[in-house]
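Visitor: The sequence isn't on hand, but the structure is:
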Ligand SMILES: Nc1ncnc2c1ncn2[C@@H]1O[C@H](COP(=O)(O)OP(=O)(O)OP(=O)(O)O)[C@@H](O)[C@H]1O
Ligand SMILES: [Mg+2]
């Protein structure tokens with residue numbers, strides 16, 4: 001792992017292994033000796049990118065069995081990029097002419113350009129600083145952290161080693177209005193240790209975004225941390241099983257987390273999902289409906305969070321459903337507070353477009369037809385012609401789907417197929433009609449439920 005100070009001046013086409021990780025402002029004064037020197041080095045490294053050539057991040061997914069050296073991979077990817085000097089926004093290569101790349105690399109992706117600029121723009125790679133992030137995926141699924149008590153085995157947390165195959169592509173699959181991902185990632189990339197709370201209605205992708213962010217940060221900071229550890233604490237199990245044991249089990253679980261934190265090669269993400277279930281317990285307790293154990297457990301969690309937050313290799317991720325009362329104790333502890341609402345019509349259009357793409361790939365929608373993006377529709381002034389007709393219909397369906405959550409939207413195309421197509425394959429026209437009916441049905445059902 002390269003931990004030495006890096007060059008202060010970056011020339012176009014100069015590469016670094018990872019995104020410059022600037023130092024945490026609050027953390028810097030407490031650092032000593034070499035640690036401080038290193039942090040200052042990181043900070044220096046972070047500065048030129050702002051003033052000089054814009055950085056373009058290239059994520060290189062190295063094949064599982066490949067043992068190729070990073071330097072060789074970088075060299076070959078650079079040759080590939082040199083052949084494609086201009087790109088439009090994010091772009092992924094999965095097929096290569098070069099045998100070396102075919103043998104060792106699964107994909108090469110230019111990423112996150114759309115976080116800075118809303119619409120894809122031509123990017124002249126020769127005028128940019130290319131920042132390489134080479135990673136291999138961990139194919140193992142999650143392991144569960146059990147806390148064995150005398151009578152039962154409590155599954156307290158799930159644990160992944162990152163970057164994990166399970167979360168591959170998750171970041172890209174989440175569609176928000178530009179600010180959500182750019183806000184979260186900008187804050188995250190510019191700090192070492194931080195805590196984040198995602199708040200919003202059910203099904204808006206809060207949990208998914210936390211996991212995707214953990215994966216993204218692990219890849220981005222891979223020259224600094226060899227791998228990531230994601231521990232997802234099961235708030236419901238805290239709620240249902242641990243109260244009788246008071247804070248003892250909480251302490252035991254956080255001791256296991258502390259062991260992971262002690263390995264300074266690891267960036268440790270602690271995800272506490274649905275904190276409102278803890279809050280609800282505490283509030284019920286205040287009203288005298290629960291034993292005082294509830295308060296002790298929640299307070300133990302808060303105390304433990306405060307303790308592990310002090311370490312520079314820890315990121316605390318929390319989510320909360322706003323349909324319940326939000327606990328200010330958790331919100332106040334977060335450095336970054338992010339509200340996520342239901343997707344806008346533009347985001348819905350993109351979500352549907354990606355679902356249609358999947359259905360065309362597996363030939364459920366056949367024959368394949370190219371749809372225009374919303375940007376392309378805008379460029380032709382939304383004028384209807386043979387090329388734009390179907391895309392305009394999709395845009396209408398997206399507009400009338402506003403208010404539905406990301407979870408429902410992702411399911412709707414498959415529901416539409418099951419309910420209204422009832423044939424192995426369908427044309428895109430037929431499918432869009434079915435989708436439109438499925439959206440109407442969704443709102444009808446909602447109305448019935450609220451009546
Ligand atoms: N904006 C979005 N773009 C794409 N997919 C989305 C979006 N929002 C949600 N989804 C999809 O919906 C599903 C549910 O998301 P997730 O569980 O992360 O939501 P949540 O906000 O945590 O929900 P809950 O409040 O019920 O826990 C996931 O498969 C996710 O990919
Ligand atoms: Mg969730």
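Guide: Looks like it arrived, so ask away. Everything numeric in this text was worked out from a predicted model, so none of it was measured. Ligands and ions are numbered 1, 2, ... in the order given.
Visitor: Point out where the stretch 251-400 of the chain drops to low pLDDT.
Guide: 281-293, 323-324 (pLDDT under 70).
Visitor: all strands of it, in order?
Guide: 266-272, 314-321, 336-339 (DSSP state E, counting those that start in this stretch).
Visitor: Rebuild those as TSV, extending it with distance to ligand 1 and mean neighbour count.
Guide: Placement of C-beta: from N, CA and C, glycine included. Shown next, in TSV, are the strands of the stretch 251-400 of the chain (distance: least, CB to the nearest ligand atom, whole Å; neighbours: other CB atoms under 10 Å):
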stretch	distance to ligand 1	mean neighbour count
strand 266-272	11	24
strand 314-321	5	25
strand 336-339	12	16
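Visitor: What are the structural domain limits within this protein?
Guide: Using automatic domain parsing, the domain ranges for the chain come out as 18-134, 143-339, 345-450.
Visitor: I figured residue 425 hits residue 364, correct?
Guide: Yes. Look at residue 425 against residue 364 with CB atoms under 8 Å: they come within range, at 6.2 Å.
Visitor: Which one's more surrounded, these two?
Guide: residue 364 (18 against 14; other CB atoms under 10 Å).
Visitor: Tell me how far that one lies from residue 334.
Guide: 42 Å (CB to CB, to the nearest Å).
Visitor: Run through the residues of this structure sitting next to ligand 1.
Guide: 173-176, 202-208, 319, 321, 343, 351, 406-407, 410 (CB under 6 Å from any ligand atom).
Visitor: most packed of the domains of the chain?
Guide: With neighbours taken as mean count of other CB atoms under 10 Å, these reach their highest mean count in domain 143-339, at a mean of 19.
Visitor: Helices along the stretch 101-250 of the chain, start to end?
Guide: Assigned by DSSP state H, counting those that start in this stretch, the stretch 101-250 of the chain shows helices spanning 170-173, 179-189, 206-220, 235-241, 248-262.
Visitor: For the residue in the stretch 351-451 of the chain that ligand 1 sits nearest to, list the residues it contacts.
Guide: Nearest residue of the stretch 351-451 of the chain to ligand 1, counting by CB to the nearest ligand atom: residue 406, 1.9 Å away. With contact taken as CB atoms under 8 Å, 6 or more residues apart in numbering, residue 406 is in contact with 174-175, 203-205, 342-343, 351.
Visitor: for the record, mean pLDDT for the longest helix along the chain?
Guide: In terms of residue count, the longest helix belonging to the chain (DSSP state H) is helix 428-450. Helix 428-450 comes out with an average pLDDT of 94.
Visitor: which stretches of the stretch 1-150 of the chain aren't confidently modelled?
Guide: In the stretch 1-150 of the chain (pLDDT under 70), the answer is 1-52, 117-120, 146-150.
Visitor: try 80
Guide: 1-53, 114-121, 145-150 (pLDDT under 80).
Visitor: For ligand 1, what is the nearest residue in it?
Guide: Counting by CB to the nearest ligand atom, the stretch 1-150 of the chain gets nearest ligand 1 through residue 114, at 14.3 Å.
Visitor: ok, that residue touching residue 89?
Guide: Yes. Using CB under 8 Å, residue 114 makes contact with residue 89 at a distance of 5.5 Å.
Visitor: Against residue 69, how distant is the closest residue in space to residue 63 that isn't next to it in sequence?
Guide: Nearest residue to residue 63, sequence neighbours excluded (CB to CB, 6 or more residues apart in numbering): residue 106, at 5.3 Å. According to CB to CB, residue 106 stands 17 Å off from residue 69.
Visitor: can you pull the contacts of residue 428?
Guide: With CB under 8 Å, 6+ apart, residue 428 has these contacts: 356, 360, 365, 369, 371, 390.
Visitor: 10 Å instead, please
Guide: 356, 359-360, 365-371, 390, 393-394 (CB atoms under 10 Å, 6 or more residues apart in numbering).
Visitor: Equivalent analysis for residue 397, please.
Guide: 345, 348-349, 352, 412, 416, 432-433, 435-440.
Visitor: can you rerun that using 6 Å?
Guide: Neighbouring residues of residue 397 by CB atoms under 6 Å, 6 or more residues apart in numbering: 435-436.
Visitor: quick one: residue 359 from residue 65, how far?
Guide: 32 Å.
Visitor: Show me the longest strand that occurs in the chain.
Guide: strand 153-162 (DSSP state E).
Visitor: quick one: it to helix 248-262, angle?
Guide: Relative orientation of strand 153-162 versus helix 248-262 (axes from the mean of the first three to the mean of the last three CA atoms, to 10 degrees): 20 degrees.
Visitor: Centre of the chain to strand 153-162, how far?
Guide: 19 Å (CA atoms, centre = their mean, to the nearest Å).
Visitor: all strands of the stretch 51-200 of the chain, in order?
Guide: 55-62, 86-88, 91-93, 105-111, 122-124, 129-135, 143-148, 153-162, 194-200.
Visitor: Arrange those in a markdown table, one row each, with distance to residue 301 as further columns.
Guide: Listed next are these as a markdown table, based on distance: least, CB to CB, whole Å:
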| stretch | distance to residue 301 |
| --- | --- |
| strand 55-62 | 34 |
| strand 86-88 | 46 |
| strand 91-93 | 40 |
| strand 105-111 | 35 |
| strand 122-124 | 45 |
| strand 129-135 | 32 |
| strand 143-148 | 14 |
| strand 153-162 | 12 |
| strand 194-200 | 13 |
